[in-house]
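Let's see this in three dimensions:
(one chain, ligands or ions: 1)
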Amino acid sequence: MASPSQVKIYLAQWFQLGKRVVSQDGQNRYLPTPIFAGEGYSSEFEWIWSQVSSHHADRFYLEGTDQSIADLLSGYWQIESCARCQMPVPTCQAHWSCGICPCSDLTTWPNESLPKPRSPIQTRNYLRDICTRLEQSESLETVVS
Ligand SMILES: [Zn+2]
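Down below sits the predicted model:
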């Protein structure tokens, strides 16, 4: 079951590839810039999220998908990674069916030479990674000298 925070990460990652959230009638299209601010979401992103996850959530879709934001938040869907591009894609638990990955209409994706879309950086984890890497390189140097 997809949690609201997973759905937000799902949207944030696709926003980075230029996919928009559109309303059923085509009147509203949202793509926040910037997507992130510091280690969280930008106020533009949060505003769009409040629009598309509200009581109108059944009217909003990520471009190239059939699942409304309401579907994704309903508990019947979970977010898994696409076999082709590793991007998050909704799969339905009830029918064992796979949603079509929005990458299917992106001719330039996957692109191994581009950085992968990211989630908001959690500073603590990020710093811990850097520390681990420093410790590893220090212990390597000790071995060498
Ligand atoms: Zn894909």
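
which residues of this protein fall in strands?
Under the criterion DSSP state E, the chain contains strands at 21-23, 29-30, 36-37, 40-41, 60-62, 77-81, 88-92, 97-98.

Let's have those strands in CSV, adding mean pLDDT.
Putting the strands of the chain into CSV (pLDDT from 0 to 100) gives the following:
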stretch, mean pLDDT
strand 21-23, 96
strand 29-30, 96
strand 36-37, 94
strand 40-41, 95
strand 60-62, 95
strand 77-81, 89
strand 88-92, 88
strand 97-98, 58
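
Which of those sits closest to the ion?
Comparing these by their distance to the ion (Cβ to the ion), the top pick is strand 88-92, with 6.0 Å. For the C-beta atoms, the positions are set from N, CA and C on the backbone; glycine is no exception.

Would you mind giving the strands of the chain as JSON lines with distance to the ion and mean neighbour count added?
Listed next are the strands of the chain as JSON lines, based on distance: least, Cβ to the ion, whole Å; neighbours: other Cβ atoms under 10 Å:
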{"stretch": "strand 21-23", "distance to the ion": "18", "mean neighbour count": "19"}
{"stretch": "strand 29-30", "distance to the ion": "21", "mean neighbour count": "14"}
{"stretch": "strand 36-37", "distance to the ion": "22", "mean neighbour count": "16"}
{"stretch": "strand 40-41", "distance to the ion": "23", "mean neighbour count": "17"}
{"stretch": "strand 60-62", "distance to the ion": "12", "mean neighbour count": "22"}
{"stretch": "strand 77-81", "distance to the ion": "8", "mean neighbour count": "16"}
{"stretch": "strand 88-92", "distance to the ion": "6", "mean neighbour count": "20"}
{"stretch": "strand 97-98", "distance to the ion": "11", "mean neighbour count": "10"}
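
Next, format these as TSV and append distance to S3.
Formatted as TSV, the strands of the chain follow (distance: least, Cβ to Cβ, whole Å):
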stretch	distance to S3
strand 21-23	18
strand 29-30	21
strand 36-37	19
strand 40-41	15
strand 60-62	17
strand 77-81	9
strand 88-92	12
strand 97-98	20
